[in-house]
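Asker: need a structure here:
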Amino acid sequence: MRRRGCLVQNERQGIYHTKEKSMTEALKTFSKDLADLVAGTADSVLTVHARRRLPASGIAWAEDLVITAHHGVESDADITIATAAGEQVAAQLVGRDPRNDLALLRVEGALQPANWAAADSLRVGDLAVAVARPIRIRASAGIVSGIVQARATRQRRRKMRMALQKSGKGKRPHRRTDKWRRRMRQWGGFALAEGLLQLDLVMYPGFSGGALLGADGGVHGLLTSGFGGGIGMAVPLSTLRSLVAALLSDGEIRSGYLGVGAQAAQLPDAIINTLEQETGLLVVSLEAGSPAAAAGLLVGDILVALGDEAIADIDELQLALTRMKVGATVAIAFLRGGELREGSITIGAR
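Answerer: Predicted coordinates for the structure are as follows:
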């Protein structure tokens, strides 16, 4: 019996040793893959000297273009880029977008462009690696912990379309967007792009302007701590592409405007129940020849939606305008005489 018991015990120990060895090999493989991931993009991550204190990081967008964090570029002149090889290259500011914390620089020389991801495919829970070069190459691993979305406002927008056909009655629905609205204010009025990535990883000093890598080895966004609150963020690739194109074309990001003077106003109870929103923007003045005047809005109307965005106050209107292209025609919803109406408006340029 003892011998049989020893055999069983030895078998169990063998299983444990096999599992332990398998786990060790898996960790070694993971560690090597992670190091290879960082090494694969290291040459495209740069140091940006554009402020007095610790420099920021940057990413080679093209052979002669670098993207970095706006808040890391304190001066429009005397900007220097340090490459992975230690070469110092002079850079000129092409343009910047403070609301999305992006600056675009041009250099003379042949940089190694980053391996950009094919699409914005990161999901909550995906592995994310921050790669930066404040002085030397550094990395921080974590996960994508959140993605800023306007799904709640789209749900409210669909309710508006239904309300245009019949009046809403019954129990008031639960308001789902208050927390989202408060978070927008906490980020100081920055234009939080649809799909902005919230990161659960350590953003060391100088990491802003660095690259966010996915497990596929592609760069999925630009790192930034510029939205405040100690939260690590990344501007997604799709947003970067549109912003870089605009900066190359115009040298600036044109902000949209409607040409109205407005203030928050309480909505009627029936509308509150229907739209899950207590306030809208009361139009108190109209600029002659403005987009709002051309759309037929009148003083006294209450704007409640612009495009897919529910509008409850001035902050939400400003945020919505920063996400919309100048010249685009979008739907609007507004109250006139207590009746919910719908129309369209063309976003103007300020």
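
Asker: give me phi/psi at Ala246?
Answerer: Dihedral pair for Ala246: phi -70, psi -40, per degrees, to the nearest 10.

Asker: nearest spatial neighbour of it, skipping sequence neighbours?
Answerer: Leaving aside its sequence neighbours, Ala246 sits nearest to Ile253 (CB to CB, 6 or more residues apart in numbering; 5.5 Å). Any C-beta I mention is one placed from the backbone N, CA and C, and that applies to glycine too.

Asker: who are the neighbours in contact with that neighbour?
Answerer: By CB atoms under 8 Å, 6 or more residues apart in numbering, the contact set of Ile253 is Gly95, Asp97, Arg99, Asn100, Leu243, Ala246, Leu247.

Asker: shouldn't the last one be in contact with Leu105?
Answerer: Yep, that's Leu247 we're talking about. No: the pair Leu247 and Leu105 does not pass the contact test of CB atoms under 8 Å, sitting 10.2 Å apart.

Asker: please enumerate the strands of the stretch 101-250 of the chain.
Answerer: Ranges of strands within the stretch 101-250 of the chain are 102-107, 127-132, 138-147, 197-200, 211-213, 219-224, 232-236, based on DSSP state E, counting those that start in this stretch.

Asker: state the mean pLDDT of the shortest one.
Answerer: By that I understand strand 211-213. Mean pLDDT, strand 211-213: 95.

Asker: also the first one?
Answerer: This predicted structure assigns strand 102-107 an average pLDDT of 96.

Asker: got the angle for that strand vs strand 219-224?
Answerer: Angle of strand 102-107 versus strand 219-224, following axes from the mean of the first three to the mean of the last three CA atoms, to 10 degrees, is 110 degrees.

Asker: partners of strand 102-107, with directions?
Answerer: Paired strands of strand 102-107, with direction, are strand 65-68 (antiparallel), strand 88-97 (antiparallel) (DSSP bridges).

Asker: show me which positions of the longest one end up buried.
Answerer: So the one you mean is strand 88-97. By 16 or more other CB atoms under 10 Å, the buried positions in strand 88-97 come out as Val89, Ala91, Leu93, Val94, Gly95, Arg96, Asp97.

Asker: what of the first one?
Answerer: Applying a neighbour-count criterion of 16+ other CB under 10 Å, one finds Leu65, Val66, Ile67, Thr68 buried in strand 65-68.

Asker: how about stretch 102-114?
Answerer: So, applying 16+ other CB under 10 Å, buried residues of stretch 102-114: Leu102, Ala103, Leu104, Leu105, Arg106, Val107, Leu111, Gln112, Pro113, Ala114.

Asker: kindly report the same for stretch 30-38.
Answerer: Leu34, Leu37, Val38.

Asker: which residues are contacting that stretch?
Answerer: Taking CB under 8 Å, 6+ apart as the rule, stretch 30-38 contacts Val129, Val131, Ile137, Ala139, Ala141, Leu213, Ala215, Gly217.

Asker: re earlier: including distance to Gly296, could the buried residues of stretch 102-114 go into TSV?
Answerer: Output for these, formatted as TSV (distance: CB to CB, whole Å):
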residue	distance to Gly296
Leu102	36
Ala103	39
Leu104	38
Leu105	44
Arg106	44
Val107	49
Leu111	50
Gln112	53
Pro113	47
Ala114	47
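
Asker: which one of those residues sits closest to Ile347?
Answerer: Taking CB to CB as the measure, Leu102 is the one of the buried residues of stretch 102-114 closest to Ile347, at 20.4 Å.

Asker: got the contact list for that closest one?
Answerer: Contacts of Leu102 by CB under 8 Å, 6+ apart are Ile67, Thr68, Ala69, His70, Arg96, Leu222, Val235, Leu240, Leu243, Val244, Leu247.

Asker: and it, how far is that from Leu275?
Answerer: Leu102 is 33 Å from Leu275, where distance means CB to CB, to the nearest Å.

Asker: coming back round to it: may I see the buried residues of strand 65-68 arranged in JSON lines, with pLDDT and distance to Lys28 as well?
Answerer: Below are the buried residues of strand 65-68 laid out as JSON lines (pLDDT from 0 to 100; distance: CB to CB, whole Å):
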{"residue": "Leu65", "pLDDT": "97", "distance to Lys28": "38"}
{"residue": "Val66", "pLDDT": "98", "distance to Lys28": "35"}
{"residue": "Ile67", "pLDDT": "98", "distance to Lys28": "35"}
{"residue": "Thr68", "pLDDT": "97", "distance to Lys28": "35"}
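
Asker: all set now, cheers.
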